[in-house]
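Engineer: Everything below, folded, please.
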Amino acid sequence: MTRQFPWPHRWPIRVYFEDTDAGGIAYHASYVRWAERGRTESLRAIDLPHQLMIQRHASLLVVRRLEVEYVAPARLDDYLLVETRIRRLRGASLDLDQDVVEEGGAVKARLKVGLVCVQAEGMRPVAIPEPWRTAFAEALEPG
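Structural biologist: I've put the predicted structure just below:
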């Protein structure tokens, strides 16, 4: 089956009351949750969800490194997009750039995420299985 690779992947987010402090500003941890949703939905968009990797290969992608740069505050009721790009692919690991942006493109936060593929039992690194490896390679950002 030939898949279309919608990269960079864009996932819409609305800032809800639960995401904010008393002043209506998004909590710093909300960006991490939004980025996780964006990564999860990027895999669903190419018909290769996490659960399929677990079922077929007894392995999964886990976060090993996360860096967040907060650029501007997101506020209650803002409509945002989480843009996910694949920056680097190695044997068992994958590096992503994720931006949380307003619909017009103004950046709210930039995230650099390092993922590693591990065996579900024992959590030891293992090569990223096919067809995920090919999908990630095709989506790799130039440079």
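
Engineer: Now stretch 120-131: buried residues?
Structural biologist: Val126, Ile128 (16 or more other CB atoms under 10 Å). C-beta coordinates here come from the backbone N, C-alpha and C atoms, glycine included.

Engineer: Span of it from start to end?
Structural biologist: Terminal residues of stretch 120-131 lie 18 Å apart, using CA to CA, to the nearest Å.

Engineer: Quick one: mean pLDDT for that stretch?
Structural biologist: Average pLDDT, stretch 120-131: 97.

Engineer: How about Ala120: what's its closest non-neighbour residue?
Structural biologist: Ala58 (4.7 Å; CB to CB, 6 or more residues apart in numbering).

Engineer: Kindly report the same for Met123.
Structural biologist: Nearest to Met123 is Val62, by CB to CB, 6+ apart, at 7.5 Å.

Engineer: which regions of the chain sit below the pLDDT cut-off?
Structural biologist: The chain contains residues with pLDDT under 70 at 1-5, 143.

Engineer: how about 50 then?
Structural biologist: Scanning the chain for pLDDT under 50 picks out 1-3.

Engineer: in it, which spans are helices?
Structural biologist: 28-45, 50-57, 132-139 (DSSP state H).

Engineer: Mean neighbour count and distance to Pro8 added to the ones you listed, as a markdown table?
Structural biologist: Output for the helices of the chain, formatted as a markdown table (neighbours: other CB atoms under 10 Å; distance: least, CB to CB, whole Å):
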| stretch | mean neighbour count | distance to Pro8 |
| --- | --- | --- |
| helix 28-45 | 18 | 9 |
| helix 50-57 | 14 | 19 |
| helix 132-139 | 16 | 8 |
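
Engineer: Can you tell me which residue is spatially central in this protein?
Structural biologist: Arg39 (2.6 Å; CA atoms, centre = their mean).
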